[in-house]
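Asker: following is a predicted model, sequence given first.
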Number of protein chains: 2
Amino acid sequence: MVNWFWRKGARVEVPRLRLRNSDEATTKVDLAELTPETATFLGQAAYLQLTIFENLSRAMATAPTTEAKAVISGAAALSLAKHHALTAEIERINLVPSEVMDSNRPAIDRFQRMTQGSDWFESLTSCYVTAGFLDDFFMRLAAGLPGETATRVSTIMRTPSGEAMIAGELLAAIAANPRLASRLAMWGRRLVGDTMLVARSALATSDNHDTDEARIEPVFTELIAAHTRRMDTLGLTA
Amino acid sequence: MVNWFWRKGARVEVPRLRLRNSDEATTKVDLAELTPETATFLGQAAYLQLTIFENLSRAMATAPTTEAKAVISGAAALSLAKHHALTAEIERINLVPSEVMDSNRPAIDRFQRMTQGSDWFESLTSCYVTAGFLDDFFMRLAAGLPGETATRVSTIMRTPSGEAMIAGELLAAIAANPRLASRLAMWGRRLVGDTMLVARSALATSDNHDTDEARIEPVFTELIAAHTRRMDTLGLTA
């Protein structure tokens, strides 16, 4: 098993091939044992949704056409609704959302800086790649929350996030300007590295690095496979 | 009657006093006769809500605290819901929202550039001042739409827009830094001028300038009185 995720200080490398060989069982591995306590989980998930929403807002503001603006505003509304559903869960356990969200802010704010992109195409690709990955990640992590909270939060994370709408915009942009493809493919590789780092920072790890790693690696392998499919949808190599 | 609104080329002047002397009848004057056709109305109202939402998103992204971010995200969700309710009305008459919204884009894009503000305090004041004014304006203008559309659109425009939440944030900011007061009061005066111009551009005027003016002036006088009350809420002079 290649220890590609844990190399300290090194840029995260995303394996290119080997991901689709699904000879192995396709049972979904879950992350339940690494789920942090409820408040921490909710604070991180809620603040990340807010970040995704902010990125969508930025992409909306700089959209080249009113039509693109309208499409992205639909996706933004879905992310914002997700954020508010998560803050409602925080209020349900009698905590103040903003205080809880502050706990993991530095890691997430760094993530946002790294994933902004230098133009509309990169920003929109960020929204597509990071929202897909993180929804998937937090849905799995939600399985480790107590009882009914797990069910409710999984339902929130499973709510569609406008992925198809955004993919449509990106496909149209790439078709109109095929030279975008290689730039966005490269950008996608950077994004998945930063997204994995912020996801990683949301896990409650134990003192035993090796055990943690053994748990995390198969999950990330699946998440990266899903990422690869998402890039395929755009006709891009992951 | 002072012809302050129509002076060509001159900066719009907002009368300071004389606005509250309500010896006159307090019957609400309406704008029904200047309501443009339904598609035009909806395109402008929907695109302006989108603009208000974009301004709120920007204010959210630059908010100094997570608490302020959370509050503004609530207001942003309300504006976005209003925008989508209006685009649903456009779809109801079998038109494409983005095409309809494109019709008055230049005036509204100019409005957005003029009202962005140079920092978070100014941006948030813009959201507060312009959303309040424009919701009020389009609610009156909606009275001239045909039958049930008028009722539905009035209901949309009357939906709360997070004004109280934003006022709370601004009051706290001014209390923490009293020197902001004079700067924001001045900014409010500029904003109301630009807001009136964009509202004005949404009216269907006739060839008879004098008749139009006689209709418009009392409405804008009322809208400015409402603006003055909004600034009073912040402890600022309009």
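Answerer: Right, received. Where do you want to start?

Asker: can we go C-alpha only for contacts and neighbour counts from here?
Answerer: Will do.

Asker: can you list the residue ranges for helices in chain A?
Answerer: A:38-61, A:66-92, A:97-102, A:105-114, A:120-142, A:147-158, A:163-176, A:180-200, A:209-233 (DSSP state H).

Asker: and these as CSV, adding distance to residue B:117?
Answerer: Listed next are these as CSV, based on distance: least, C-alpha to C-alpha, whole Å:
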stretch, distance to residue B:117
helix A:38-61, 16
helix A:66-92, 22
helix A:97-102, 25
helix A:105-114, 23
helix A:120-142, 22
helix A:147-158, 35
helix A:163-176, 30
helix A:180-200, 32
helix A:209-233, 38
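
Asker: need the residues of chain A near chain B, please.
Answerer: Within chain A, the positions adjacent to chain B are A:54, A:57-58, A:60-61, A:66-67, A:70, A:73, A:77, A:80-81, A:97-99, A:101-102 by C-alpha under 8 Å from any C-alpha of the partner chain.

Asker: picking up where we left off before, mean neighbour count, distance to residue B:153 and mean pLDDT added to the helices of chain A, as TSV?
Answerer: Shown next, in TSV, are those (neighbours: other C-alpha atoms under 10 Å in any protein chain shown; distance: least, C-alpha to C-alpha, whole Å; pLDDT from 0 to 100):
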stretch	mean neighbour count	distance to residue B:153	mean pLDDT
helix A:38-61	24	24	94
helix A:66-92	21	19	94
helix A:97-102	20	33	94
helix A:105-114	15	37	92
helix A:120-142	23	32	95
helix A:147-158	16	30	94
helix A:163-176	16	27	94
helix A:180-200	19	41	94
helix A:209-233	17	39	91
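
Asker: what about those, which gets the closest to residue B:170?
Answerer: helix A:97-102 (17.6 Å; C-alpha to C-alpha).

Asker: ok, and what's touching the closest one?
Answerer: Identification of contacts with helix A:97-102 by C-alpha atoms under 8 Å, 6 or more residues apart in numbering or on different chains yields A:39-40, A:42-44, A:46-47, A:87, A:90-91, B:66-67, B:70.

Asker: and residue A:94, what are its phi and psi?
Answerer: phi 60, psi 40 (degrees, to the nearest 10).

Asker: count the neighbours of it for me.
Answerer: Residues lying near residue A:94 (other C-alpha atoms under 10 Å in any protein chain shown) number 9.

Asker: over to residue A:144?
Answerer: Counted with other C-alpha under 10 Å, residues neighbouring residue A:144 total 20.

Asker: local confidence estimate at the residue nearest to residue A:144 when sequence neighbours are not counted?
Answerer: Nearest residue to residue A:144, sequence neighbours excluded (C-alpha to C-alpha, 6 or more residues apart in numbering or on different chains): residue A:32, at 3.8 Å. The score at residue A:32 is 84. That number is its pLDDT.

Asker: is residue A:216 in contact with residue A:31, as I believe?
Answerer: Yes. Here residue A:216 reaches residue A:31: they are 7.2 Å apart, a contact under C-alpha atoms under 8 Å.

Asker: enumerate every residue touching the closest residue to residue A:48 other than its chain neighbours.
Answerer: Nearest non-adjacent residue to residue A:48, counting by C-alpha to C-alpha, 6+ apart: residue A:108, 6.8 Å away. For residue A:108, the contacting residues are A:47-48, A:51, A:198, by C-alpha under 8 Å, 6+ apart.

Asker: is it possible to get CSV of these that adds distance to residue A:185?
Answerer: Output for the contacts of residue A:108, formatted as CSV (distance: C-alpha to C-alpha, whole Å):
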residue, distance to residue A:185
A:47, 27
A:48, 23
A:51, 22
A:198, 20
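
Asker: what sits up against stretch A:141-148?
Answerer: By C-alpha under 8 Å, 6+ apart, stretch A:141-148 touches A:30-35, A:37-38, A:150-151, A:153-154.

Asker: phi, psi for residue A:236 please.
Answerer: The phi/psi pair for residue A:236 (degrees, to the nearest 10) reads phi -110, psi 150.

Asker: what about it, how many residues close to it?
Answerer: Applying other C-alpha under 10 Å, we find 19 residues neighbouring residue A:236.

Asker: distance of it from residue A:131?
Answerer: The gap separating residue A:236 from residue A:131 is 17 Å, by C-alpha to C-alpha, to the nearest Å.

Asker: also residue A:54?
Answerer: 12 Å.

Asker: same question, residue A:215
Answerer: Distance from residue A:215 to residue A:131, by C-alpha to C-alpha: 23 Å.

Asker: circling back: which residues touch the residue nearest to residue A:144?
Answerer: A:140-145.

Asker: looking at the helices of chain A, which is closest to residue B:166?
Answerer: Nearest of the helices of chain A (C-alpha to C-alpha): helix A:97-102, 15.9 Å.

Asker: and that closest one, how far from the chain's centre?
Answerer: 20 Å (C-alpha atoms, centre = their mean, to the nearest Å).

Asker: report the backbone C-alpha coordinates of that helix in CSV.
Answerer: The C-alpha trace of helix A:97-102 is given here as CSV (Å, rounded to 0.1, in the frame of the first residue of the first chain):
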residue,chain,number,x,y,z
PRO,A,97,-23.3,28.3,15.2
SER,A,98,-20.7,31.1,14.8
GLU,A,99,-18.8,30.0,17.9
VAL,A,100,-18.8,26.4,16.9
MET,A,101,-17.8,27.3,13.3
ASP,A,102,-14.8,29.3,14.6
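
Asker: tell me the centre residue of chain A?
Answerer: Nearest to the mean C-alpha position of chain A, by C-alpha atoms, centre = their mean, lies residue A:134 at 2.3 Å.

Asker: that one against residue A:199, yeah?
Answerer: Yes. Assessed by C-alpha under 8 Å, residue A:134 is found in contact with residue A:199 at 7.1 Å.

Asker: now residue A:133: how far from residue A:117?
Answerer: 17 Å.

Asker: before we move on, what about residue A:164?
Answerer: Relative to residue A:117, and taking C-alpha to C-alpha, residue A:164 is found at 20 Å.

Asker: what do you get for residue A:152?
Answerer: For residue A:152, the distance to residue A:117 equals 33 Å [C-alpha to C-alpha].

Asker: please apply the same query to residue A:127.
Answerer: Counting by C-alpha to C-alpha, the separation of residue A:127 from residue A:117 is 10 Å.

Asker: residue A:200 now?
Answerer: According to C-alpha to C-alpha, residue A:200 and residue A:117 sit 21 Å apart.

Asker: again with residue A:181
Answerer: With C-alpha to C-alpha as the criterion, residue A:181 and residue A:117 are 15 Å apart.
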